[in-house]
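1. Attaching a predicted model along with its sequence, questions to come.
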Number of protein chains: 2
Amino acid sequence: MFGRFCRTIFPMKALGFDAYGTLFDVFSVNSLCEELFPGHGSELAQIWRRKQLEYSWLRSLMGRYRDFWSLTEDALVYSANSLKLDLTPKKRDQLMESYLHLAAFSDVKPGLRALKQIGLRLSILSNGEPKMLNAAVQSAGIGNLIDAIVSVDSVKIFKPSPPVYDQLASELKIDRAEIGFVSANNWDVNGASSAGLTAFWIRRSNEIPEELGYAATRVIGAVTDLPTLVSG
Amino acid sequence: MFGRFCRTIFPMKALGFDAYGTLFDVFSVNSLCEELFPGHGSELAQIWRRKQLEYSWLRSLMGRYRDFWSLTEDALVYSANSLKLDLTPKKRDQLMESYLHLAAFSDVKPGLRALKQIGLRLSILSNGEPKMLNAAVQSAGIGNLIDAIVSVDSVKIFKPSPPVYDQLASELKIDRAEIGFVSANNWDVNGASSAGLTAFWIRRSNEIPEELGYAATRVIGAVTDLPTLVSG
């Protein structure tokens, strides 16, 4: 009994995972960016990702929600224009299409499988609109490990707005005290923590934590670190 | 009579100006950044400004307002940490202090003076908290040209949230159809435009417009372009 308590630091019934940057590597589009715009691939991918997030925050604050797919396309148009790249309709379609087949990080499948084996319900909580999330999940071959895909599209406002994180408890019908949220985006971790969830930060790069006042409950290195920390 | 109508494209009773980046040059802190951290000044100033804005958006969305002075300090701490710079309390104070004495762009004083002469009421609408705005206005010597300083601190949410822009009409007691808003920050222009104000974008750099759907009513090059466009 004592041993069990020692092992299980965070008793949980369910986990919610951020998608982009956490399960799926948004920079796996880099190679296509580079192929289409030699010498500018990495810079294009960086600006694209930054603008995608900025537009999600700005549109949320303006009260002008637009689904994440359209907003990702807006961000791509801005990024190409800002670098004076000729984004033909064909190149635009190719780059947008790549968002449906992002690579999953290598720790994702083994980590989710181990969490599933100890009885946790696993869900995605993402800015993505349902169609693009479903495509990415299928493409990464993790459809059988995910019990629920929860999209901000139901509440029409993006992270880190509290109603987004509140969705996990209401959709999973589990008390929020028994739900952990996992993200590699530190601002997202702050949002979840501020909204009262136990929040795990996967530190996938050498990024430092944001000064936003709502730190991660625990910092981990990979999804595979979770099974020894939480229990079903 | 006919001639007068021709000259006056936008009949206005008042103008609201964004402060940071529009009247005051936030990158006038660059030289102090460089003096304190040789070789890193420009990069530090860039990250500091970007994080300052990000934190204003993120905290607004989280429903965790914190005044702009404190948030600017949080952004400075993050930026120095991210570059592994040793931000001593003394250096921190010096850099924060510099925010109270930002240089005004060279077109600001002559532009405001000309607008005042044709009978317009001139105000500032800014994320800044009142104390830091007052200090910057006095330091730039434009106190006698500004009729009202309106801060988001009254509504406890940052731009581009609509209640911020609504403040101009309520504080100035002028119908919003007769108020123009002026900003060099294109996302701010989109916010004002989305909130129903006539919005002028001062294009101070070679920045391109954001893909946010609420373009400027008119793009100008400097505050001194306004007197031929608007009238009191």
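-> Arrived safely.
2. Show me which residues of chain A are close to chain B?
-> Proximity of chain A to chain B, by Cβ under 8 Å from any Cβ of the partner chain, involves residues A:51, A:54-55, A:57-64, A:66, A:74-75, A:77-78, A:81-82, A:157-162, A:187, A:190-191, A:194-195, A:208, A:210-214. Backbone N, C-alpha and C define where each C-beta goes, glycine included.
3. Got a PyMOL select line for the buried ones in those?
-> The PyMOL command for the buried members of the residues of chain A next to chain B (criterion: 16 or more other Cβ atoms under 10 Å in any protein chain shown) is given here:
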select buried, chain A and resi 51+54+55+57+58+59+60+61+62+64+66+74+75+78+82+157+158+159+160+161+162+187+190+191+194+195+210+211+212+214
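4. So which of the residues of chain A next to chain B belong to helices?
-> Residues of the residues of chain A next to chain B located in helices (DSSP state H): A:51, A:54-55, A:57-62, A:74-75, A:77-78, A:81-82, A:162, A:187, A:190-191, A:194.
5. Any chance of the backbone angles for the spatially closest residue to A:Val77 that is not a sequence neighbour?
-> Distance criterion Cβ to Cβ, 6 or more residues apart in numbering or on different chains; nearest residue to A:Val77, sequence neighbours excluded, is B:Glu211 at 5.3 Å. Backbone torsions of B:Glu211, given as degrees, to the nearest 10, read phi -90, psi 70.
6. OK, contacts around B:Glu211?
-> A:Lys51, A:Tyr55, A:Asp74, A:Ala75, A:Val77, A:Tyr78 (Cβ atoms under 8 Å, 6 or more residues apart in numbering or on different chains).
7. what does A:Pro162 give?
-> Applying Cβ under 8 Å, 6+ apart, the residues contacting A:Pro162 are A:Gly191, A:Ser194, A:Ala195, B:Met62, B:Gly63.
8. With A:Glu129 instead?
-> Per Cβ under 8 Å, 6+ apart, neighbours of A:Glu129: A:Asp67, A:Phe68, A:Trp69, A:Ser151, A:Asp153.
9. which of the residues you listed has the most neighbours?
-> A:Phe68 (27 neighbours; other Cβ atoms under 10 Å in any protein chain shown).
10. Tell me where the model's unsure across chain A.
-> The model of chain A has pLDDT under 70 over residues A:1-8, A:232.
11. tell me the domain ranges of it?
-> Domains of chain A are assigned by automatic domain parsing as A:3-24+A:103-230, A:26-98.
12. how about JSON lines for those domains, with distance to B:Lys116 added?
-> Below are the domains of chain A laid out as JSON lines (distance: least, Cβ to Cβ, whole Å):
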{"stretch": "domain A:3-24+A:103-230", "distance to B:Lys116": "40"}
{"stretch": "domain A:26-98", "distance to B:Lys116": "31"}
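13. can you tell which of these is closest to B:Leu168?
-> domain A:26-98 (16.1 Å; Cβ to Cβ).
14. For that closest one, measure first residue to last.
-> Taking Cα to Cα, to the nearest Å, the first and last residues of domain A:26-98 lie 10 Å apart.
15. from the middle of its chain, how far away would it be?
-> Taking Cα atoms, centre = their mean, to the nearest Å, one finds domain A:26-98 lying 17 Å from the centre of the chain it belongs to.
16. rewinding a little: just the closest of the contacts of A:Pro162 to B:Arg204, please.
-> For these, the nearest to B:Arg204 is B:Met62 (30.2 Å; Cβ to Cβ).
17. Quick check: that closest one vs chain A, distance?
-> 5 Å (Cβ to the nearest Cβ, to the nearest Å).
18. Surely that residue is in contact with A:Ser194?
-> Yes: applying Cβ atoms under 8 Å, one finds B:Met62 in contact with A:Ser194, separated by 4.9 Å.
19. Name the residues contacting each of the two.
-> The contact lists of B:Met62 and A:Ser194 share A:Pro160, A:Pro162, A:Leu212, A:Tyr214, where a contact means Cβ under 8 Å, 6+ apart.
20. those helices in chain A, which residues are they?
-> A:2-7, A:30-36, A:41-62, A:68-82, A:89-98, A:108-117, A:130-139, A:162-172, A:186-194.
21. Out of these, which gets nearest to B:Phe17?
-> Of the helices of chain A, nearest to B:Phe17 by Cβ to Cβ is helix A:41-62, at 19.9 Å.
22. helices or strands up against that closest one?
-> helix A:30-36, helix A:68-82, helix B:41-62, helix B:186-194 (3 or more Cβ pairs under 8 Å, 6 or more residues apart in numbering or on different chains; DSSP states H and E).
23. okay, those helices in JSON lines with distance to A:Pro11 next?
-> Compiled in JSON lines, these are given as follows (distance: least, Cβ to Cβ, whole Å):
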{"stretch": "helix A:30-36", "distance to A:Pro11": "39"}
{"stretch": "helix A:68-82", "distance to A:Pro11": "33"}
{"stretch": "helix B:41-62", "distance to A:Pro11": "27"}
{"stretch": "helix B:186-194", "distance to A:Pro11": "43"}
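24. Which stretch among those approaches B:Leu100 most closely?
-> That would be helix B:41-62 among these, by Cβ to Cβ, at 14.8 Å.
25. how big is the angle separating that closest one from helix A:186-194?
-> Calculated by axes from the mean of the first three to the mean of the last three Cα atoms, to 10 degrees, helix B:41-62 forms an angle of 30 degrees with helix A:186-194.
26. so who does the nearest residue to A:Asn134 once chain neighbours are set aside touch?
-> Sequence neighbours aside, A:Ile149 is the residue nearest to A:Asn134 in space, at 6.6 Å (criterion: Cβ to Cβ, 6+ apart). Going by Cβ under 8 Å, 6+ apart, A:Ile149 touches A:Ser123, A:Ile124, A:Ser126, A:Pro130, A:Leu133, A:Asn134, A:Val137.
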